[in-house]
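missing the sequence, but the structure's below:
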């Protein structure tokens with residue numbers, strides 16, 4: 001199977017007018033190496049932080065065996081990137097045959113001259129040509145909300161070029177507004193900190209892996225059914241996993257041919273359940289799908305948990321994992 005290809009876009013350019021913080025109120029050491037990188041009174045360009053995250057994300061995704069391309073930047077040096085036009089970025093992604101794209105940005109509010117209290121992280125999808133982007137965005141926002149404390153501002157729709165799946169030929173494309181560069185805390189303690197860049201890169205990588213079913217294996221008999229796997233962690237038991245995944249101990253024993261149900265090893269890869277991939281159609285709801293595939297409308301929570309959905313709403317074109325009972 002060919003590697004999934006992902007485009008990592010670093011928004012704007014090194015010298016794009018206006019795309020920078022208000023003057024910092026204190027010195028900042030980005031790398032915590034004892035050297036001041038941003039002096040009090042200086043402004044920090046958004047693109048620098050965009051590249052900081054994008055470069056780490058690029059490396060992490062390569063380590064996870066994804067095929068990754070860059071748009072808007074070419075290496076870890078964020079100071080020499082021209083502001084490539086949106087249409088050229090779109091064409092690069094389309095011509096490379098990317099499956100997915102992620103554009104990294106920092107948000108702003110107000111006139112940009114002074115800090116204000118607006119804060120938080122959000123993810124954007126295209127208002128019309130979003131394909132499966134809402135589902136993808138849900139995974140990414142869940143992970144970005146788990147680390148450093150930030151206000152979750154939700155998923156939004158807009159006609160942003162870097163979210164246009166139709167133009168770029170992608171299955172899903174999102175734009176992440178990681179934090180507000182016009183908020184004093186988020187600019188000086190998050191945007192301008194390598195430790196936060198690393199956290200975001202790791203969180204987005206986790207989301208990509210979850211979304212792309214990287215721990216799933218195709219069922220060899222039909223080519224249309226898949227396995228959901230679980231890597232055993234310290235403290236796991238078959239009873240605990242059966243409750244967590246809404247299955248039974250007996251099914252886990254049968255799927256994995258376990259001889260002693262009291263013995264599972266940390267790091268062991270267990271088959272949890274079979275599932276199919278279903279593309280949501282007009283009129284579908286979680287309850288209807290649960291009735292059709294699980295025999296009861298009341299079991300919709302099983303589908304919701306399996307897909308890590310944060311709400312009961314599903315969308316036309318959304319790809320869902322449905323358990324095979």
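Nice, thanks for sending it over. Model, not experiment: these values are computed from the prediction.

pLDDT weak spots in the stretch 151-300 of the chain?
Low-confidence segments of the stretch 151-300 of the chain (pLDDT under 70): 213-224.

Quick one: the helices in the protein, in order.
Secondary structure of the chain, counting by DSSP state H: helices at 46-63, 86-95, 133-144, 165-168, 184-185, 194-211, 238-244, 249-256, 286-294, 300-306.

Ok, which of the ones you listed comes nearest residue 79?
helix 46-63 (7.3 Å; Cβ to Cβ). Bear in mind the C-beta positions are built from the backbone N, C-alpha and C, glycine included.

before we move on, the earlier item: residue 5: which of the helices of the chain is closest?
Of all the helices of the chain, helix 86-95 sits nearest to residue 5, with 9.3 Å by Cβ to Cβ.

which residues make contact with the closest one from outside it?
Under the criterion Cβ atoms under 8 Å, 6 or more residues apart in numbering, residues 7, 9, 69, 71-72, 101, 161-162, 164, 167-170, 173 lie in contact with helix 86-95.

In that helix, which residues are buried?
Of the residues in helix 86-95, 86, 89, 90, 92, 93, 94 count as buried by neighbour count, 16 or more other Cβ atoms under 10 Å.

what about it, average pLDDT?
Regarding helix 86-95, the rounded mean pLDDT is 98.

related to what we said a few turns ago, would you turn the helices of the chain into TSV with distance to residue 262?
Shown next, in TSV, are the helices of the chain (distance: least, Cβ to Cβ, whole Å):
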stretch	distance to residue 262
helix 46-63	35
helix 86-95	51
helix 133-144	33
helix 165-168	48
helix 184-185	49
helix 194-211	30
helix 238-244	8
helix 249-256	11
helix 286-294	29
helix 300-306	26
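
how about these, which one is nearest residue 155?
That would be helix 133-144 among the helices of the chain, by Cβ to Cβ, at 4.8 Å.

Quick one: list the elements packing against that closest one.
Applying 3 or more Cβ pairs under 8 Å, 6 or more residues apart in numbering; DSSP states H and E, we find helix 133-144 packed against strand 121-126, strand 152-158, strand 172-180, helix 194-211.

Looking at the contacts of helix 86-95, which is nearest residue 56?
Nearest to residue 56 out of the contacts of helix 86-95 is residue 9 (Cβ to Cβ; 14.4 Å).

Show me the beta-bridge partners of that closest one.
residue 71, residue 103 (DSSP bridges).

show me what contacts it?
Residues counted as contacts of residue 9 (Cβ under 8 Å, 6+ apart) are 54, 70, 71, 72, 89, 93, 101, 102, 103, 104, 162.

Mean neighbour count and distance to residue 260 added to the helices and strands packed on helix 133-144, as TSV?
TSV is the format used below for those (neighbours: other Cβ atoms under 10 Å; distance: least, Cβ to Cβ, whole Å):
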stretch	mean neighbour count	distance to residue 260
strand 121-126	25	45
strand 152-158	15	43
strand 172-180	27	42
helix 194-211	20	31
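
residues touching the residue nearest to residue 109 when sequence neighbours are not counted, list them.
Leaving aside its chain neighbours, residue 109 sits nearest to residue 118 (4.1 Å; criterion: Cβ to Cβ, 6 or more residues apart in numbering). Residues near residue 118 by Cβ under 8 Å, 6+ apart: 109, 110, 180, 182, 183.
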